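> I'll drop the sequence and a predicted model, then ask my questions.
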Amino acid sequence: MKIESEKDIVTSRSCGRKLAADLGFSAVEQARITAAISELARNIYKYAGSGTICIRSEQDTRKIGIYITAKDNGPGISNLQEALLDGYTTGGGLGRGLPGVKRLMDNFDITSSTTEGTRVEVAKYRIIHTKSLFRV
């Protein structure tokens, strides 16, 4: 989905929460996923002006995953290592953005360049519990 306004941030949060609920994530995990989406979408809007958030799911025999990709063609993050430290900010915020997203999710990957913008890929997993077919 496109992120071009504050309304789009709210819409992306709602879509992510609904998918997480549909996949059986707990209320706490839904809140974590929603917070991560909100931060990623807000960063797109604030620093790049526009971009996209893609939210999808995958399942295998052991786990269900929700995958979020945030992509923009903005100015990039010139000091990526610093941007991943708590307290670092260029926008006057608290500096909890990207480090917070990293803590909230199970997987976190970021690439950024001043010529191609920023891409952040995150994932959260839920283990599938199966009942044994055998009784002792």
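Perfect, thanks for sending it.
> for the protein, what spans make up the helices?
Using DSSP state H, the helices of the chain run over residues 6-22, 27-43, 80-83, 97-104.
> Which of those helices sits closest to S113?
helix 80-83 (9.4 Å; CB to CB). Using the backbone N, CA and C atoms, a C-beta is placed for each residue, glycine as well.
> Give me the neighbour count for I127.
8 (other CB atoms under 10 Å).
> Would you agree it is in contact with R62?
Yes - look at I127 against R62 with CB atoms under 8 Å: they come within range, at 6.6 Å.
> picking that back up, can you put the helices of the chain in JSON lines and add mean pLDDT and distance to V120?
Output for the helices of the chain, formatted as JSON lines (pLDDT from 0 to 100; distance: least, CB to CB, whole Å):
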{"stretch": "helix 6-22", "mean pLDDT": "98", "distance to V120": "13"}
{"stretch": "helix 27-43", "mean pLDDT": "97", "distance to V120": "6"}
{"stretch": "helix 80-83", "mean pLDDT": "84", "distance to V120": "11"}
{"stretch": "helix 97-104", "mean pLDDT": "93", "distance to V120": "7"}
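> Out of these, flag the one nearest R119.
helix 27-43 (10.5 Å).
> correct me, but C54 touches I66?
No - in this structure C54 lies outside contact range of I66 using CB under 8 Å: 11.2 Å.
> Could you check which of those two is surrounded by more residues?
I66 (26 against 12).
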